[in-house]
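# Sequence and predicted structure, then a few things I'm wondering about:
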Amino acid sequence: MLKKFSLLRSFTFGIWVTSQFITCILSPAFSAEKFKQNHGVVVILQSPLVASPRISEEIQDDPGTIIGIVREKESRRPVENVQVYIPSLKTGAVSQADGRFALNEVPAGVYTLKIRMLGYERITIDSLVVKAGAKVEIAPELVLKVYEVHEIQVTASRHEALAQSIPQLVSVVSRQKIRDRAISQTPEVLREEMGVVVQKTSNSGGSPIIRGLRANKILLLVDGIRMNNATYRGGNLHYLNTLNPGAIERMEVVHGPSSVLYGSDALGGTINTLTITPPFSVDDKLEFDGAAGTGFSSADETKYLNLHATASGRKWSLFTGFSLYSSGDVRRGSSWGDEMMQRLRSSPEAGRNLAKV
């Protein structure tokens, strides 16, 4: 009981001394030495009435807001479900159907803002200044990004599959490869493919040969629909020339028999030509697109023109194309033409010698 009373007495004295000290220190004529003589002790305590600088700053600095509209750079359309976040604060927001977003309750400071959406390039905004109680408005523009994945076989097995999981050798010619090869006719797409030879008896010809098999031993498909069958002639065919090269999205070549899937027509292989599929419009507005390609060759007087156009709405899309090709005659040289043809002739007769050039 005595201990409790002494503690209470000390506490009361401490408060009294502190209050006396505060009263004196606020007086202009305050002297610490005089206070010590009168009271015998100088007690300096931090008054709870004085607010710390940090608390004062937090009261004055109201949080700011970051707002904006996310759009696609090429089409200027708003993009939905875009992630906008501040890594240092571990907070973020997602854009709405109209592309708008808002980051509320952001403390004043300088931040790094990151914006990302699948299918688009990521955006990083450094040194974004947010002032107390202010709104910061930004207008990020997303750029489409093509992600390269493993090539897949879409139609040969009647369902999507990785190329390495298919027992036959499969080669895929993408749209980019078609552009790089600068073709004027559809059969020319296959000239650089392994195991495929394109036979041309004229500038307007082009018959693919896969592993020595040709014509009615190779099945030609357009978007999975047959172009030929086993009743066609056994000689080289030039049906691929009837396809507009500007309308091709990709070509898939299956090397080897595919008769289980397509019948006896696919004894030597299958060539499936997939045409461009126009996309649907994101909103209710009509969208139009098109492309053109032309070329000229002075050696054989070849001229070609490829045109295609697309139109699309929210629930429909249309694709149309036009192709024109014309070539001149190719004549053999007069000095060695006959000798070359003689040299290439073969005869099964025994003892027959080829003419020397």
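All right, it came through fine.

# residue ranges of the helices in the stretch 201-350 of the chain, please?
Per DSSP state H, counting those that start in this stretch, the stretch 201-350 of the chain carries helices over the ranges 259-262, 337-344.

# mean confidence score for the longest one?
Helix 337-344 shows an average pLDDT of 59 in the prediction.

# Just give me the neighbour total for I271.
Neighbours of I271 under the rule other C-beta atoms under 10 Å: 23. (Glycine included, C-beta is placed from N, CA and C.)

# from now on call the first residue 19
Okay, residue one is now 19; in that scheme the one you just asked about reads as I289.

# mind listing what it touches?
Neighbour list for I289: 208, 226, 228, 236-239, 258, 269-272 [criterion: C-beta atoms under 8 Å, 6 or more residues apart in numbering].

# how about the residues you listed in CSV, adding neighbour count?
CSV is the format used below for these (neighbours: other C-beta atoms under 10 Å):
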residue, neighbour count
L208, 23
P226, 26
I228, 22
I236, 25
L237, 25
L238, 23
L239, 21
L258, 25
M269, 23
E270, 21
V271, 24
V272, 26
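
# which among the residues you listed gets closest to P296?
M269 (18.8 Å; C-beta to C-beta).

# does the closest one really touch R193, like I thought?
No: in this structure, M269 is not within contact of R193 by C-beta atoms under 8 Å, at 9.8 Å.

# still on that earlier bit, mind checking which of the contacts of I289 land in strands?
Among these, DSSP state E puts 226, 228, 236-239, 269-272 in strands.

# For G252, state which of these is nearest.
The closest of these to G252 turns out to be I236 (C-beta to C-beta; 11.2 Å).

# Which residue, other than its chain neighbours, is closest to the closest one?
Leaving out its chain neighbours, the residue that sits closest to I236 by C-beta to C-beta, 6 or more residues apart in numbering is G286, at 4.8 Å.

# so how far is T328 from that neighbour?
Distance check for G286 against T328: by C-beta to C-beta, to the nearest Å, it reads 35 Å.

# So if I had to pick from those two, which one is more boxed in?
G286 (23 against 18).

# Low-confidence bits of this structure, can you list those?
19-79, 166-179, 181, 183, 247-248, 348-375 (pLDDT under 70).

# got the contacts of I289 as TSV, with distance to R197 columns?
Output for the contacts of I289, formatted as TSV (distance: C-beta to C-beta, whole Å):
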residue	distance to R197
L208	15
P226	20
I228	24
I236	25
L237	26
L238	22
L239	22
L258	18
M269	13
E270	17
V271	18
V272	23
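
# with those in mind, which one is nearest to W334?
Nearest to W334 out of those is L239 (C-beta to C-beta; 25.1 Å).

# The closest one against N246, yeah?
No: L239 lies out of contact with N246 (C-beta under 8 Å); the separation is 9.3 Å.

# Quick one: residues contacting the closest residue to S335 other than its chain neighbours.
Nearest residue to S335, sequence neighbours excluded (C-beta to C-beta, 6+ apart): P296, at 4.0 Å. The contact partners of P296, by C-beta under 8 Å, 6+ apart, come to 307, 328-330, 335-337.
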